[in-house]
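# Got a sequence here, can you model it:
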Amino acid sequence: MMLNFCTLFDSNYMSRGLAMYESLLKHCPDFHLYIVTFDDIAYDVLTKMKLEKASIIPLHQFEDIHLLTIKPSRTFVEYMWTCTPSVILYCINQFGLDHCTYLDADLYFFSNPEILIKEAAGASILLTKHNYTPRYDKSKLSGIYCVQFMMFRNTADGMKALNWWRNACIDWCYNRYEKGKFGDQKYLDDWTERFEGVHVLEHFGGGIAPWNVQKFAFYPVNYFHDKTNINPNGIYFSYITYDEDVYTAHKFELIFYHFHYFRFLSNIKFDFGTYLIENKIAEHCYFPYIYHLFNIESSIHEIAPSILPHGKYTKIKWYKKITRYLRSGFKRNYNIHKLIVLGK
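Numbers count the residues shown, from 1 in each chain. You can find the predicted model right below:
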């Protein structure tokens, strides 16, 4: 099954976008990613990389008169949000796609996303919920659904919703809450009633993020005695349902993690944001991701020496150091404003 994806980012998010692309290469055998680059540096570097399963689109080629007209009225971030539905529409129309799934650049795949698209086989639109943990619930501000992973089919229902969303974002898309709107995201809240052919993803593995990971129990693969239908290289979580005095555990495989807010503060400091992230999640999700970012940034630096990688240590040495640091004595959770700091 050929999967069509699209994304957008500038050079500041280039290593994240490339990590996402390479995670697809690892887990998804048949896909193509369309990347709209929001500055010349990103376009030049990605073009030189000659990515086999990606098409690199310069910003000027994508922008139309409607976007250019409102561009001066938006901040850079607001303009990128404004462009999200336009990127999906552009890719479907320009490349004659039967479907296209938008991906945030800071997603990272741990398994094949084909299972998520297959779940929406009879639908024209696929939405994913934020699925907030109660303590981080921002549904009233940020919306019920997350733009992170959205699929549209080239059908009457799919194009009706996509064109409506594009026009709404061109009309209003700002980084503030106003009259039930916030950015490009709050527009999605009523789509199950507003449009036909909308499917809301049920697979919890499509959308694990720092605002909901606390709801689930993490299980390493070696925990399962029965390895039937278990991916030996997968990451699994479980949740509990309760009915008529019976508790039932349901396991699911992590398909993608959304590394929202994660950032480098310096070459040896990382900010996990204000979210509670347990050690085992950091070890099995965040640290491999950071390690991959270091690898990619080194490759980018070879092509564009002016772009300096965050990593101060050699890759292998860094990974061993931070893993040993975690396992040997750091038993606390990464709490509010807690930073990982490695000694020099």
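
# what element comes up after the helix or strand encompassing Cys83 heading to the C-terminus?
According to DSSP states H and E, Cys83 maps onto helix 76-95. Using DSSP H and E, the helix or strand that directly follows helix 76-95 along the chain is strand 99-103.

# Next up, the contacts around the residue nearest to the spatial centre of the chain.
By C-alpha atoms, centre = their mean, the chain has its centre lying nearest to Leu107, at 2.4 Å. Counting by C-beta atoms under 8 Å, 6 or more residues apart in numbering, Leu107 touches 20, 148-149, 256-259. To be clear about C-beta, it is placed using only N, CA and C from the backbone, and glycine gets the same treatment.

# Just give me the closest of those residues to His301.
Met20 (19.1 Å; C-beta to C-beta).

# ok, for that closest one, nearest residue in space, not its chain neighbours?
Leu107 (5.3 Å; C-beta to C-beta, 6 or more residues apart in numbering).

# hmm, back to that, tell me what the residue nearest to the centre of the chain is bridged to.
Residues in a beta bridge with Leu107, per DSSP bridges, are His258.

# what about it, distance to Trp211?
Look at Leu107 and Trp211: by C-beta to C-beta, to the nearest Å, they are 14 Å apart.

# Likewise for Lys280?
Shown here: Lys280 relative to Trp211, a distance of 18 Å by C-beta to C-beta.

# Of these two, give the one with the bigger neighbour count.
Per other C-beta atoms under 10 Å, whichever of Lys280 and Trp211 has more neighbours is Trp211, with 24 against 13.

# right, and Thr133 touches Ala209 too?
No. In this structure, Thr133 is not within contact of Ala209 by C-beta atoms under 8 Å, at 9.7 Å.

# the more surrounded of those two?
Counting neighbours by other C-beta under 10 Å for Thr133 and for Ala209 shows that Ala209 has the greater number, 23 against 17.

# Isn't that one up against Tyr261?
No. Ala209 is beyond contact range of Tyr261, at 9.5 Å (criterion: C-beta under 8 Å).

# Next, count neighbours for Arg263.
Residues within reach of Arg263, counting by other C-beta under 10 Å, total 13.

# so who does it touch?
Applying C-beta under 8 Å, 6+ apart, the residues contacting Arg263 are 270-271.

# tell me the phi and psi of it?
Main-chain dihedrals, Arg263, degrees, to the nearest 10: phi -150, psi 160.

# So what sits opposite it in the bridge?
Beta-bridge partners of Arg263, counted by DSSP bridges, are Asp271.

# And it, how far from Gly273?
8 Å.

# now swap in Ala121 and tell me
For Ala121, the distance to Gly273 - C-beta to C-beta - is 35 Å.

# And Ile115, by the same measure?
Separation of Ile115 from Gly273 (C-beta to C-beta) stands at 28 Å.

# From the neighbour counts alone, determine which of these two ranks first.
Using other C-beta under 10 Å, the more surrounded residue of Ile115 and Gly273 is Gly273, with 17 against 13.

# Next, the contact list for that one, please.
Gly273 neighbours (C-beta under 8 Å, 6+ apart): 210, 260-262.

# redo that, cut-off 7 Å
Gly273 makes contact with 210, 261 under the criterion C-beta atoms under 7 Å, 6 or more residues apart in numbering.

# so which helix or strand takes in it?
With DSSP H and E as the test, Gly273 turns up in no helix or strand.

# what about it, distance to Gly183?
Distance from Gly273 to Gly183, by C-beta to C-beta: 18 Å.

# Give me the phi and psi angles of the closest residue to Leu254 other than its chain neighbours.
In space, Leu254 comes closest to Ile235 once its chain neighbours are excluded; the distance is 4.2 Å by C-beta to C-beta, 6+ apart. Main-chain dihedrals, Ile235, degrees, to the nearest 10: phi -120, psi 130.

# any idea how far Asp106 is from Ile235?
Ile235 sits 17 Å away from Asp106, going by C-beta to C-beta.

# go on, Pro288?
The spacing between Pro288 and Asp106, counted by C-beta to C-beta, is 15 Å.
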